[in-house]
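Asker: fold the stuff below for me.
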Amino acid sequence: MEEVKITSRKDISQAQRIVIKAGTSTVSTPLGHPSLPRIANIVEHAADLVRAGKQVIIVTSGAVGVGKQKLRYQDEYGAYSGQTALNSNGEPDMLCPKSYNAACAAAGQLGLISLYSTMFDQHDIRTSQLVLTCYDFASPERCQNVQNVMEQLLRLGIVPLLNENDAVSANQGHELFGTTFSDNDSLASLVAGGMNAHLLVLLTDVEGVFDRPPSHPKARIISTYTHKTGFEVGDKSAQGRGGMGAKVDAALKAIDRGVPAVVIAAGDHPDTLPRIFRGDKWGTLFLGTQEDEVTEDTMEMSGDSDMTPEEARLKDVGDQARVIASQAREGSRALQRADSATRDRILLEIARKIDENREDILAANKEDLDSAEKGGLNKQMLRRLKLTSQKMDALVDGIRSISEQGEPLGKILSRVGVSDGLVLDKISCPIGVLLIIFESRPDCLPQIAACAIRSGNGLVLKGGSEAEKSNAILYSIVSRAISDASNGEVPGNVIGLVTSRSDIPPLLKQDDVIDLVIPRGSASLVRYIKDNTRIPVMGHAEGICHVYVDEAADLSTAVAVTVDSKIDYPSACNAAETVLFHRKTLENGVAAAVLKGLRDAGVEVLGGEIAIGLGLTTRRVEDFSSEYGDLVISMEVVDSVDHAIRHIHKYGSAHTDCIVTENKALAERFLREVDSACVFHNASTRFSDGYRFGLGAEVGVSTNRTSPRGPVGVEGLLAFKWTLRSSSTNGHTVESFSSLHPEETRRNYTFLNMPVNGEH
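Answerer: Sure, this is the predicted structure:
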């Protein structure tokens, strides 16, 4: 393995061979269940490292904790947990106190490693398990054999998954086995040294190493640790055996064994590994650099040990989130001060620059596509990610059309004469600052930006990592156009862009500077946002859209509308996912024609219980609430429009639903009774789009029951405020309307509706 010198955090990205140790508190919940989100997060970022050409070894704890949970529900567990283990002579084994249970390790090991293997398979990366005891390192020959096996696995691109074999080792941290290892921390240290790793990452349940127990009010995080650094060991985790003392000891021994760098960091944070490799001040860094070689960068970071954990957090992610949101707030006020002509110039300049730089944009998008394909991104997401000349044309046209929509701000919505000389106006105004989280589609960025600029709103955007390069160039173009076209009157940072998932939680806490969150993604994303913020949320969830083909449907209309709803852009949220046939369409040939049209277009048709029973298909629907985003559609047969509406309300997402019929009275009933944001008659569900509604662009499609609803353009990003003007010489007071006021000067409320722009 080629030598890599790491003298500061910025050098960590050069590490080619990495050992990651996941502690019990990281991979298990407090009850001992596997923590699926944390394991999945470790696997995802480890897979990213492997795809980047690096070699990764994972040492994982957690088998005992998982096994305890598993055996807790078995009658046998009572016998195991209440007895002291015996040696071969039938006597109590002093190496294995009764608090330690080898049976738990045996029960939990298979499940834990299977989880890792299954998750890595989703990234098309293979794994291999090595279960070790101290005896595997007891002689040079056995130790060399372990190293040879791991070298072969790494050369094949396989991720070795290592674990101490607690089921047979009975190892509790005692020293009877010499100087090999007594827990998975020391195992990871031993492996990192023996395999000439460049970096060892020890994931634990705290942010790093503190100079005293983390619960202490004056505890300070140690950013860079040396042999001379002091700290007090606090209470260890209730799970596992390592403790912080064991981790620090393992880290220092790894350095002594020649590992250039070790980082101890929080395993429960979703972005720990990316932050470490970006060189962020994250966790506690141990360096193999001698004191006389310590760089300025390292010394500066060591000074951060004077910071409390809360101060460190604010100076890092939370502080940056605050800055971005506050800049958007100030920028929105500048937008409101700017006149309509200035905001029009900004929009036209954005459109011009996008058109002018389309080759560079498409080239950046091509890089994202190549990376996404190599990373195994699914077809649905790839289609959304891909930019084309046609999409670019629509993007430019949409932004220009927004500039032609007229001034939305300061518009008098109503005017009331409260009393003589006292006029109350209801006036349109911006919401303030929007946080919009979107996935895959980079063309969303300038569309959303255009709507925000026209409506005078500040904006913070979080795009998907798969579109990183596309989003970066589009953001650069938009922010530069804002500043250039306004002659600096409106700052480019009125729109902020964050790129890491770890930025989302602190942004969700900025309820005093962010006024509305719009998550464009899955229902689970929307639920997560709603559960983790006090900021109002406008939900843009899945599009479970339906086409109901009525008994009175025209055959050619039914085929055209249903096929277009599915195949025009299958991965769009307004694509049809279910077609419902009235039973009589099976008799008049309409259902057969529609199914033929779908299948000829390459659509796979899945059927519900009734449809399969009638022989319309042999493939069964697993869940009518599925959003396929592909050339797949669900199908069911219903007996009436009431049956169709009940199905839509049960399985739909209140996005867009359509009826195909020549019975106008029935169509009106369907339009009235279906409780979705968009309901159509004889029109493709694909019309549910801001551009096709004449909005120019959209920030999303709201499936909320409250306003705004459906495709949300500029108008949906407006609020209103009240202005009250008195033309009386002495002004107006509430007291002057009181019955206690002298009758001769008492005022009366009139509440007269007054004309607005010549209208009543």
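
Asker: going forward, measure contacts and count neighbours with C-alpha atoms only.
Answerer: Will do.

Asker: not counting its neighbours along the chain, what's nearest I504?
Answerer: In space, I504 comes closest to K462 once its chain neighbours are excluded; the distance is 7.9 Å by C-alpha to C-alpha, 6 or more residues apart in numbering.

Asker: so L413 touches L718, yeah?
Answerer: No. Using C-alpha atoms under 8 Å, L413 is not in contact with L718, being 11.7 Å away.

Asker: burial of Q390, as a residue count?
Answerer: 8 (other C-alpha atoms under 10 Å).

Asker: same check, this time on the one 10 residues further on
Answerer: Counted with other C-alpha under 10 Å, the neighbours of R400 add up to 22.

Asker: could you list the buried residues of the helix or strand where it lies?
Answerer: In the assignment (DSSP states H and E), R400 maps to helix 389-403. Of the residues in helix 389-403, M392, A394, L395, V396, D397, G398, I399, R400, S401, I402, S403 count as buried by neighbour count, 16 or more other C-alpha atoms under 10 Å.

Asker: and if you look at stretch 372-388?
Answerer: Those would be A372, G375, Q380, M381, L382, R383, R384, L385, K386, L387, for stretch 372-388 by 16+ other C-alpha under 10 Å.

Asker: show residues contacting it.
Answerer: Stretch 372-388 is contacted from outside by 48, 51, 123-124, 362, 365-366, 369, 440-443, 466-467, 570-572, 629-630, using C-alpha atoms under 8 Å, 6 or more residues apart in numbering.

Asker: from those residues, which land in helices?
Answerer: Using DSSP state H, the members of the contacts of stretch 372-388 that fall within helices are D48, R51, L362, N365, K366, L369.

Asker: find the nearest non-adjacent residue to the residue positioned nearest the centre of the chain, please.
Answerer: Per C-alpha atoms, centre = their mean, the C-alpha nearest to the average position across the chain is that of R501, at 5.9 Å. With sequence-adjacent residues excluded and distances taken as C-alpha to C-alpha, 6+ apart, R501 is closest to D271, at 6.9 Å.

Asker: ok so, going back, which ChimeraX command selects the buried ones in the ones in helices among the contacts of stretch 372-388?
Answerer: Burial among these is assessed by 16+ other C-alpha under 10 Å; the matching ChimeraX selection reads:
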select :51,362,365,366,369
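
Asker: quickly list what P711 is bridged to.
Answerer: P711 has these beta-bridge partners by DSSP bridges: V701.

Asker: shaky segments in the stretch 651-760 of the chain?
Answerer: Residue ranges of the stretch 651-760 of the chain with pLDDT under 70: 757-760.

Asker: L461 - that's part of a strand, no?
Answerer: Yes. Counting by DSSP: H, G, I helix; E, B strand; the rest coil, L461 falls inside a strand.

Asker: just give me the neighbour total for the residue nearest to I504.
Answerer: 21.

Asker: could the ones in helices among the contacts of stretch 372-388 go into a markdown table alongside distance to R345 and pLDDT?
Answerer: Formatted as a markdown table, those follow (distance: C-alpha to C-alpha, whole Å; pLDDT from 0 to 100):
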| residue | distance to R345 | pLDDT |
| --- | --- | --- |
| D48 | 42 | 88 |
| R51 | 44 | 86 |
| L362 | 25 | 95 |
| N365 | 27 | 95 |
| K366 | 30 | 94 |
| L369 | 32 | 95 |
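
Asker: about what we covered before: pairing partners for the helix or strand following the helix holding R400, with directions?
Answerer: Along the chain past helix 389-403, the next helix or strand (assigned with DSSP H and E) turns out to be strand 412-419. Sheet pairing here is set by DSSP bridges, and for strand 412-419 it gives strand 422-430 (antiparallel), strand 752-753 (antiparallel).

Asker: quick one: average confidence on strand 412-419?
Answerer: Taken as a whole, strand 412-419 has a mean pLDDT of 96.

Asker: distance from that strand to the middle of the chain?
Answerer: Centroid displacement of strand 412-419 relative to its chain, using C-alpha atoms, centre = their mean, to the nearest Å, is 44 Å.

Asker: can I get the CA coordinates of it in CSV?
Answerer: What follows is strand 412-419, C-alpha atoms only, in CSV (Å, rounded to 0.1, in the frame of the first residue of the first chain):
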residue,chain,number,x,y,z
ILE,A,412,-54.7,45.6,-3.4
LEU,A,413,-56.8,42.5,-2.9
SER,A,414,-59.7,44.2,-1.1
ARG,A,415,-60.5,47.7,0.2
VAL,A,416,-63.0,48.5,2.9
GLY,A,417,-64.2,51.9,4.2
VAL,A,418,-64.1,51.2,7.9
SER,A,419,-65.5,54.6,8.7
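
Asker: and the helices in the stretch 251-400 of the chain?
Answerer: Ranges of helices within the stretch 251-400 of the chain are 272-278, 296-302, 309-313, 319-337, 340-356, 358-374, 379-385, 389-403, based on DSSP state H, counting those that start in this stretch.

Asker: and the average pLDDT for the longest one is what?
Answerer: Looking back up the chat, that one is helix 319-337. On average, helix 319-337 scores 89.

Asker: can you give me the angle that helix makes with helix 340-356?
Answerer: 120 degrees (axes from the mean of the first three to the mean of the last three C-alpha atoms, to 10 degrees).

Asker: got the contact list for helix 319-337?
Answerer: So helix 319-337 is contacted by 313-314, 343, 430, 432-433, 453, 456-460, 489-496, 503, 506-507, 510, 513-514 (C-alpha under 8 Å, 6+ apart).

Asker: the same query, at a cut-off of 6 Å, please.
Answerer: V433, G456, N457, G458, L459, V490, V494, I495, G496, L507 (C-alpha atoms under 6 Å, 6 or more residues apart in numbering).

Asker: repeat for the last one
Answerer: Here helix 389-403 makes contact (C-alpha under 6 Å, 6+ apart) with D344, L348, A351, G696, A697.

Asker: ok, those residues vs A261, which is closest?
Answerer: A351 (47.8 Å; C-alpha to C-alpha).

Asker: which non-adjacent residue is nearest that closest one?
Answerer: In space, A351 is closest to V396, 5.0 Å off (C-alpha to C-alpha, 6+ apart).

Asker: all helices of the stretch 601-750 of the chain, in order?
Answerer: Counting by DSSP H, counting those that start in this stretch, one finds helices in the stretch 601-750 of the chain at the ranges 609-613, 641-651, 664-673.

Asker: out of those helices, the one nearest Q16 is which?
Answerer: helix 641-651 (48.4 Å).

Asker: alpha carbons of the closest one, as CSV, please.
Answerer: Provided in CSV are the C-alpha atoms of helix 641-651 (Å, rounded to 0.1, in the frame of the first residue of the first chain):
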residue,chain,number,x,y,z
VAL,A,641,-68.2,5.8,-10.2
ASP,A,642,-68.8,5.6,-6.4
HIS,A,643,-66.6,2.5,-6.3
ALA,A,644,-63.9,4.4,-8.3
ILE,A,645,-64.0,7.4,-6.0
ARG,A,646,-63.7,5.2,-2.9
HIS,A,647,-60.7,3.5,-4.4
ILE,A,648,-59.1,6.9,-5.2
HIS,A,649,-59.7,8.2,-1.7
LYS,A,650,-58.3,5.1,-0.1
TYR,A,651,-55.1,4.7,-2.1
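
Asker: what comes up buried for it?
Answerer: Quick answer for helix 641-651 (16+ other C-alpha under 10 Å): V641, A644, I645, H647, I648, Y651.

Asker: specify which member of those is nearest to V159.
Answerer: Y651 (41.0 Å).

Asker: who are the contact partners of the closest one?
Answerer: F624, S625.

Asker: how close does it get to D623?
Answerer: Distance of Y651 to D623, computed by C-alpha to C-alpha, to the nearest Å: 9 Å.
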